[in-house]
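Sequence first, then the predicted structure:
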Amino acid sequence: MSCPICGKETVQKYRPFCSKRCADVDLAKWLKGGYAVPSQDPDDIEEALDAMLDAAEAPPKPH
């Protein structure tokens with residue numbers, strides 16, 4: 001089995017990856033939405049637009 005990120009042979013400890021680095025690269029893709037499937041559903045688009053507009057109108061949060 002080869003690593004889905006770089007193609008090298010996998011290591012049991014990090015399976016299905018070859019290293020912690022490749023596992024972290026994959027996790028970063030998940031967290032940043034790199035594996036998201038775009039939706040063509042008009043309801044999803046409306047909800048996303050409403051959420052974006054609400055966030056833009058919200059006052060900034062204090063640190």
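On my side now, so go ahead.

ok, residue 17 - how many residues close by?
22 (other CB atoms under 10 Å). C-beta: built from backbone N, CA, C; applies to glycine.

is it true that it touches residue 7?
No - assessed by CB atoms under 8 Å, residue 17 is found out of contact with residue 7, at 11.0 Å.

if I look at these two, which residues touch both of them?
The overlap between the contact sets of residue 17 and residue 7 (CB atoms under 8 Å, 6 or more residues apart in numbering) is empty.

just for the protein, where's the confidence low?
Applying pLDDT under 70 to the chain flags the ranges 39, 61, 63.

Name the single longest helix found in it.
helix 42-57 (DSSP state H).

So what's the gap between it and the chain middle?
Its chain's average C-alpha position is 19 Å from that of helix 42-57, according to CA atoms, centre = their mean, to the nearest Å.

Kindly report the same for stretch 7-21.
How far stretch 7-21 lies from its chain's middle: 20 Å, per CA atoms, centre = their mean.

May I have it as CSV, with CA atoms only?
What follows is stretch 7-21, C-alpha atoms only, in CSV (Å, rounded to 0.1, in the frame of the first residue of the first chain):
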residue,chain,number,x,y,z
GLY,A,7,3.2,7.7,-2.9
LYS,A,8,6.0,6.1,-0.7
GLU,A,9,5.5,2.8,1.1
THR,A,10,3.4,3.1,4.2
VAL,A,11,4.7,2.6,7.8
GLN,A,12,2.6,0.6,10.2
LYS,A,13,2.7,3.3,12.9
TYR,A,14,1.3,6.0,10.5
ARG,A,15,-0.8,3.8,8.3
PRO,A,16,-2.1,4.6,5.7
PHE,A,17,0.6,7.2,5.5
CYS,A,18,4.4,6.8,5.4
SER,A,19,5.2,9.4,8.1
LYS,A,20,3.8,11.8,10.6
ARG,A,21,4.5,14.6,8.1
